[in-house]
Structure formats: structure tokens, C-alpha cells
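Asks: structure of the sequence below:
(chains A, B and C, ligands or ions: 2)
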Amino acid sequence: MKKKPIPSFLIFWAVILVLALWPLVTAHPQWVCRVFTMAFLYATVAMAWNLTALSGLISLGHAAYFGLGAYGAALMDHYGSGNPAVTLTTAALAAGVYGAVCAAVFRNLRGATFALVSLAAVEIPKVIADNWESVTYGSLGFVGIRPLPLVHMGRVTVDFGGDLTAQYYALLVVLLAGTWVHFKAIHSRWGWALRSIREDEQAAGVLGVPVYPVRWSVMTLSALLTGLCGGLYAHLHGFVEPPVVFSTHLSAMPLVLSILGGRFRWFGPALGALVLYPLDQLVLHPVLPAGHAAVYGLVIVASVLFFPKGLGLRKK
Amino acid sequence: MWAQFLIGVLSLGFFYALTTLGFSLIFGVTHAFNLAHGELIVLSGYLAYGLMKAWGWAFWMTLPVCMLFLTVLLVMVHQVLKRVGEPFELNSLVITFGMALIAQNVMLFFFSADYRLIPTSGGAVFSPFRGAYVTETHLWTFALSAGATAAVFLMLHRTFLGKALRATIQEREAARLAGIHVKRMKGVAFAIGGILIGLAGPLFGRLAYLHPAGGLEATLIAVVITIFAGVGHIRSLLFGACVLAALESGAALVLGTNWRELVSALILIMLLLWKPHGLLMGRRSAPEL
Amino acid sequence: MKRILEIHHLTVRFGPRTILKDVSFSVHEGEIVSLIGPNGAGKTTLFNVISGLVQASAGDVIFLGRPITGWPPYKVCRAGIARTFQIARPFPDMSAEENVLIGLWFGKNFARSDGVLSKASEAAALLDLVGLHDKRHTPGKELTLSEQRRLEVARALATHPTLLLLDEIAAGLSPHAVNQAAQLVLSLRDRGMTILLVDHFLNLTARVSHRLVALDQGEKIVEGSPQEVLHHPEVLSAYLGEREPAEEV
Ligand SMILES: Nc1ncnc2c1ncn2[C@@H]1O[C@H](COP(=O)(O)OP(=O)(O)OP(=O)(O)O)[C@@H](O)[C@H]1O
Ligand SMILES: [Mg+2]
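Replies: Ligands and ions are numbered 1, 2, ... in the order given. Next up is the predicted model:
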């Protein structure tokens, strides 16, 4: 990673360029477009997850934030305003507040203990969403969340709700914004603070790095971004239900995508997502409609066994 | 009413003890957090369900097959975990999380996402008090769980192998110095864990719906009770299991059935906040600064 | 002389054990004070309390007239106290230079380093001072023990401290490296740095320090000039039967 950073990040830009141009120059099937739209979404989730991981904590519970975001947007859409600016803000805030509370309450937990607690923390919003039937419709979930709206830009009208290509470009922009945040979390003074905390928290503290404030804010930001993605998911799919948006699978996915692409490179999680998710959806899914997601589990097992460095778990 | 509640709690509590025993033994001996524990229980339940459905086997006939199958599976898991590097606790957690995902998808492939229940006669077998019924499922659960727990207890306290296992749990380095083959003990722990998981699965399928994603709850229960009781203390494990069962049944009674799932998650969070070093507390040397 | 650091009736308990019991002393400007005491006397714990890593059960730490008891480590550092660790803890995957840069970017002058990540010349000067210039690109985990210790000193100096806490910088080193460490401490003294030192090598301690404070089982037994303290009967008996310092790792 240190020796030759140029080639692989060029690959990333090449992939982005191809993805940006491809819908313009070829006639493309809509479902491929859809798959890549979701790939951009999950790439952003992966980078949001990696913000927490960059501070040295492996979370197995980001589904909590994703689900809270999705439910936040759905509830706002149903009971309040359907304006996406409002619903998405609600989504980010719902997840961000829960993330901030978790970060504060779990501030002394590390390693395996933190991973376990983060796993358990998903159950709280999940069980509430599943059982507070008068508000959330329980396990039936919300149906009919309004799609993203029409946007008038001068004389051009873009239909983000119905036009898959428009959604594709919208999510590409989200991905690039997420990548920028993730870039800053590695290549900036803030990034160095995170790195020193990851490598040795106490040494970082006595060298003047504000360990708790930095970690708390990065975890809150991580939850906020994940929640935003959850909100986008709600609008893109039109329905949310507890077993889907709070699933273990959603907690595992960012971990897998980040490990695959390289957790310590600014473009790593995004690259991992852009490779693995389409591979899973376009190649494996048609072959194995039920059970194709086992590939994510296989990647975890293989990377712990063969590339423990990529995971960056270190003996303290 | 109260008698019925008590009967339910006792049989559920003993069942929780059974689910936890395997996890706790594996954790105690190898320090591996097996997050796939619940998925393996559900898998074993599905196996029993499949055998009963496809070939019309009786419930009791599925038990040995499930136990054997899960033992083989757990020995394979052990072969994988053996190759995991430091920090072992966190790595084992992450890798078994991956295994849980694989197991979920395997179950999805074979049994689809539908909810299934191992059919039971449902009727009361006898009624010790007015208005309290003991069903066949109660009896099966109670008898098998209590039997297995007693067997493990006797094995740990009366046999040579059990003493070696306990020594490994308590003080691994000292056990090694005393000539105990620690690596072999790890294999033994996984094998016994496999037997116990294999036994728990079919019971799980009678008590609750089988669902590919339904394993997490069982894992959380096992983790909670293990952390509460510490490793290798069967009596406190049994006590913890019954307390958890009582709390869950109480929550189900007061709030509604599904709120019960919240209980173990909340208890886990509180336990870990209270004992941040989890299970290994006291076994570590004071942090060196 | 101005008092830099005052410790007032400091008590630390871990569970039922009392690690430090009612310890008081102070350090004046430009002084080198050594804390001595057998294993487990509580010297490192005292450093941990001063630097904010461990909470005191009672008592106060006053730095430049301000109470800093209970402050988080980064505030203590930015107030002007830097420390090294007994078991060297460089950031394992960062190069020696990057290790020092962390101190420069986040230490006392953190506000001034805003935006610019270039402090390379200052880092190079510090690495020169401790003799690690050639190793500036080596990752922390690949340095030898003696190099790691010196890196810790450079990193601590990078935060621009008023007071430097050095925890056993000579333990486990070869005689040659011990001499180097002594030279380093003396050169810091000549630059007017105030230093609180913990060391097992009583001859090194005696050579460089103005005053000694002797601890035993968490209590201060005596304080004074090196001659006084080293010949004090209680200090002798506390050390008697102790392992040879050379066996220390
Ligand atoms: N975090 C902790 N929890 C419990 N006990 C601790 C902790 N840190 C230190 N101790 C205990 O406090 C006592 C004093 O330890 P300390 O490290 O301060 O001694 P020391 O004087 O630095 O000894 P040494 O010369 O070996 O470095 C020891 O008995 C140690 O076991
Ligand atoms: Mg010490």
C-alpha cells in the first residue's frame, strides 16, 4: 500500500469513469443499471462503516443505523413530509442520534467486547420496529414510501423516482461524496488522529490526540452516513420491513466489501463494493437465487484465514 | 396461571442451559467466540425437520443423526479456527460471523425463507395442578436438557477427561505444564459442543419457528448466559439460564411475545458494560503501561 | 524557584488494593527529580495519574499552579506534560518520522499546525537529537528496544513539553545504550528542560538528578539529595533482597 499507491487508485478512477460514461454510450438493460445503483449505495455504507473501523473498532451492527435510517425516512414520509430533504435528514438524524448514544455508552469497550455489544445493539431498534405495530405496522413493514421526486433544473426535468438512469447518476454522486469523506478520514490531520488511535490509543492520548472526542465524532458520523443510505434505500425500494433493513447481512456487507477492497486505502471499500456486489447480483444471483449471499460469508472466512493484514486486526 | 408460567420457565430455562453448554465449553477451552452457534442450532433443527418430513422419522430417531452430523460439522469448524491468528478472540468472532452468514444461506438454499415448526402432538400429557398442563414438548425439552446437563456435569467432575478439560478452562498454561494435551482438549471441546448443539437443534425446532435468520437470538442467549455465569460453572449456568428464561417469559407475558427478544440483547449490553473485559476478566494481567 | 509540578496527598486504589498512599512532593523549574523504588512501588502508576491515564482516588496534581487532576490525557499533554512509556509503545505501523509528527501535529502547538502537514524539518531535528536520523523511514515495530525508547523521547519532545516524564528509559539496555540514554538526559537538562525520571539504575539516577524521591509500596519514604536518599536506611532495606536491576526486562 505504501510502495506504489498510484496504479490501484488509477484503477478506481478508471472504474468510476467507465461507470459514469457507460449508460450514455450503450443501450443498457435497466436491471444492470439498478444493480449498480445499489452497488453505489452499499459502497457508501461500506465507507461509512470503515470510518468506525479506522478508529480501531470492528462493528458487527451497522444494520442498526441502516435500519433506523430506512425507518426514519419511512415514518417521516408516512406521518410527516414526503419531501426527500426532510425524510433524508430525519433518516440521518435517527441513525446519528442512536450512533452518538452508542458511541458514548460503549466508549470503554474494545475489540471482541465492542463487536458483541454492537451486534446486540441492533436488536433494540429492530424489536421496536417489529413490535410497535400502531406506529411501524410491525413485521408487515411500510409499503408505498414515495419515490424520489421530479426535479426541475431550468428547462430540463429529471425524474429521480421513475428514471433508473437518473437514480444511477444521483447515487454515483452520493458515492463520490462518501469517497471524499473517506479520503479525508485517511489523508488529513483528522486521518492521522484516527490512525494513531487505531495503532495505540493511550500513546495517542499522551501525545495530544483527543481520543474520546475524535472517536465519538467519527462513530456518530459513521452512523449518520449509514442512516442517510438507509433513507435512500427506503425511497429507492418503496418499502421497508424489519428483517430486511435490520438483517445480519447488512451488518456483514460493509465489513466484507471493505476487507475485500482494502480497509486502509481511501478508495478500498468503494472498489470492493463495485466489484463484489455486481458480481454477486449479476453472476451469482441468477445461478443461485436462494443462498447466493453465502459468498459474503466465504469472503470473511477466507480473509481472516489468508489475509489477516487486510483486516488490520492487531494484537495489542 | 402461575403454575403454568413456572412449568414453561423451567423447561425453557433448562433448554437455554443446554444451548449455552456447548458454547460455554467451546469458549472456555479454546477462547473462541462462536457467533455461528445459533445458526448451527437452527441448522440441526432443520435437519431433524427434513428427516421427519421426508422419511417420516419419529422425533427421537432424528436426535442421534443430528448429534453425529453436528459433531462432524463442529470438528470441521475447529479445523478452520485452528488456523486463525492473533488477536484470537476478535478474529474468531469475525470468522464465525462469516460462517453464520454461510450457514444462513445454506439453510435458505435448502429450506427457503419460510417459517417451519417441527410438528408436535400439542396435547397435554398430564396436569399436575388445576389449569396447568405439561405437554409432550415440555417433557422432551426438560428431560433431554436436564439429562444432557447432568451428563456434562458428571463428565466434567467425575472423569479424567473432564478434569483435564476443567484444568484447561481454568488455567491453560498450567494445564499445559501439567502435561495436558491442550490442543487435543480443544478438539474434544468442539466435539462435545457439536453433540450438545445437535441435541439442542431438534428441540429448538419444537419450541420456536425455524427460520434461516433465526439463529442470532440463540447465539445472544448463549453469550449472555456464558458471560453471566462464567465458564465451567454448570450450576451458575443453570441458574442464569432459568433467570433469563423467567425474565423473557415475564417480558412476553407483560409486553407481548416478540418483545422477549429484546431481553437478552439488553442484558448482554448491560453485562458487558459492567464487565468490559467480558469473560476473560481476572485472567489477564493488569494492563501494562 | 518556580514550582512546575506539585503532587498533593495522592492516593490511588485499584479495587481493594491501595497502589499509592498519600504521596506528596513537588518539582521545580529546571530540575531533574528521580522517583526510585523497588518493583511494584507505584512509580508507573504515579506517571499514569499525572498524564491522565489513571484516575486518582484522592489528592491533587497541580501543574503550573493549575489543578489538572482528572484531565483527559490530551489536555494534560497540551498543557505541557509529555511522557514516555516503560514498555515502549511506538505506533507500530508508522515510520519513526510519522511517530514524531503525531506529537508535532497534536501536541502543545496543535492549533498552529492547522492545515499544514509539513513539519518535516522539525521532526528531522528531533530524530537527529536522539540519533535516529538514519531510521526515520523504519516502522516503529521494526526498531530495536533502545531505538524505540529513544523514539519515545523524541516523540514526547515533539509535543513541546514544559515537563518531561521519563519512565525507565535505561531498563533492559546494554551498557553502551545506557550511556547514550544518560547523555540524552543530560543534554535535555542543559536545554533547561524540567524532568521527572523513574529509573532502576541507581548510579544513572544519582549521576543526572538534583533530587530523589523514594517510594516503597505506594508510600513516600524519603526525599532529598541523591547522597541522602541512597544512604537512607529505609531505602536500603526496601532495595535489599530485590532482584538485580540487570535482570529487569
Ligand atoms: N491497572 C491496574 N490494575 C490493577 N493493578 C495495577 C494496575 N496497574 C498497576 N497495578 C499494580 O500496582 C502496583 C504498582 O505498579 P507500578 O507499575 O506502578 O509499579 P512500578 O513502581 O512502576 O514497578 P516497576 O519497577 O516494576 O515498573 C503493582 O503491584 C501492579 O500490579
Ligand atoms: Mg514501572
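Asks: how many other residues sit next to residue 226?
Replies: No chain was given, so I picked chain A. Residue A:226 has 34 neighbours, counted by other CB atoms under 10 Å in any protein chain shown. Every residue, glycine included, has its C-beta placed from N, CA and C.
Asks: to clarify, I was referring to chain B.
Replies: A count of neighbours around residue B:226, defined by other CB under 10 Å, yields 25.
Asks: against residue B:236, how distant is it?
Replies: Applying CB to CB, to the nearest Å, the value for residue B:226 to residue B:236 is 10 Å.
Asks: got a pLDDT number for residue B:278?
Replies: Note on residue B:278: pLDDT of 54.
Asks: show me the contacts for the closest residue to chain C within the stretch 51-200 of chain A.
Replies: Per CB to the nearest CB, residue A:199 is where the stretch 51-200 of chain A lies closest to chain C, at 4.1 Å. By CB atoms under 8 Å, 6 or more residues apart in numbering or on different chains, the contact set of residue A:199 is A:56, A:314, C:91, C:92, C:93, C:94.
Asks: format the residues you listed as CSV; extra columns: distance to residue C:228, pLDDT and neighbour count.
Replies: Listed next are the contacts of residue A:199 as CSV, based on distance: CB to CB, whole Å; pLDDT from 0 to 100; neighbours: other CB atoms under 10 Å in any protein chain shown:
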residue, distance to residue C:228, pLDDT, neighbour count
A:56, 47, 89, 23
A:314, 47, 45, 17
C:91, 41, 92, 25
C:92, 42, 90, 16
C:93, 46, 89, 17
C:94, 44, 92, 20
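Asks: out of these, which one sits closest to residue C:143?
Replies: Within those, the smallest distance to residue C:143 is 9.8 Å, found for residue C:92 (CB to CB).
Asks: quick one: the closest one is in a helix?
Replies: No. Counting by DSSP: H, G, I helix; E, B strand; the rest coil, residue C:92 is not part of a helix but coil.
Asks: what's the closest non-adjacent residue to it?
Replies: For residue C:92, ignoring the flanking residues on the chain, the nearest one in space by CB to CB, 6 or more residues apart in numbering or on different chains is residue C:141 at 3.8 Å.
Asks: got the residues of the stretch 101-250 of chain B near chain A?
Replies: Neighbours of chain A within the stretch 101-250 of chain B, by CB under 8 Å from any CB of the partner chain: B:101-106, B:108-109, B:112-113, B:213, B:216, B:220, B:223.
Asks: enumerate the positions of the lowest-mean-pLDDT helix or strand in chain C that are buried.
Replies: The weakest-scoring helix or strand in chain C, judged by mean pLDDT, DSSP states H and E, is helix C:202-208 (a mean of 76). Within helix C:202-208, the residues that count as buried by 16 or more other CB atoms under 10 Å in any protein chain shown are C:202, C:204, C:205, C:206, C:208.
Asks: among these, which two are most distant?
Replies: The largest distance within the buried residues of helix C:202-208, taken as CB to CB, falls between C:202 and C:208 and amounts to 11.4 Å.
Asks: where does the stretch 1-150 of chain B have low pLDDT?
Replies: Along the stretch 1-150 of chain B, segments meeting pLDDT under 70 span B:121-125, B:128-131.
Asks: circling back to that earlier point, the residue nearest to residue C:92 is in contact with residue C:89, isn't it?
Replies: No. Here residue C:141 lies out of contact with residue C:89, judged by CB atoms under 8 Å, at a distance of 10.5 Å.
Asks: more neighbours: which of the two?
Replies: Comparing residue C:141 with residue C:89 by neighbour count (other CB under 10 Å), the higher total belongs to residue C:89, at 22 against 13.
Asks: tell me the SS of that one?
Replies: Under three-state DSSP, the three-state class of residue C:89 is coil.
Asks: excluding its backbone neighbours, what's nearest it?
Replies: residue A:203 (4.6 Å).
Asks: ok so that neighbour is a helix residue?
Replies: Yes. Under three-state DSSP, residue A:203 sits within a helix.
Asks: tell me which stretches of the stretch 51-200 of chain B form helices.
Replies: For the stretch 51-200 of chain B, the helices defined by DSSP state H, counting those that start in this stretch cover B:59-81, B:88-111, B:136-158, B:160-170, B:172-177, B:182-207.
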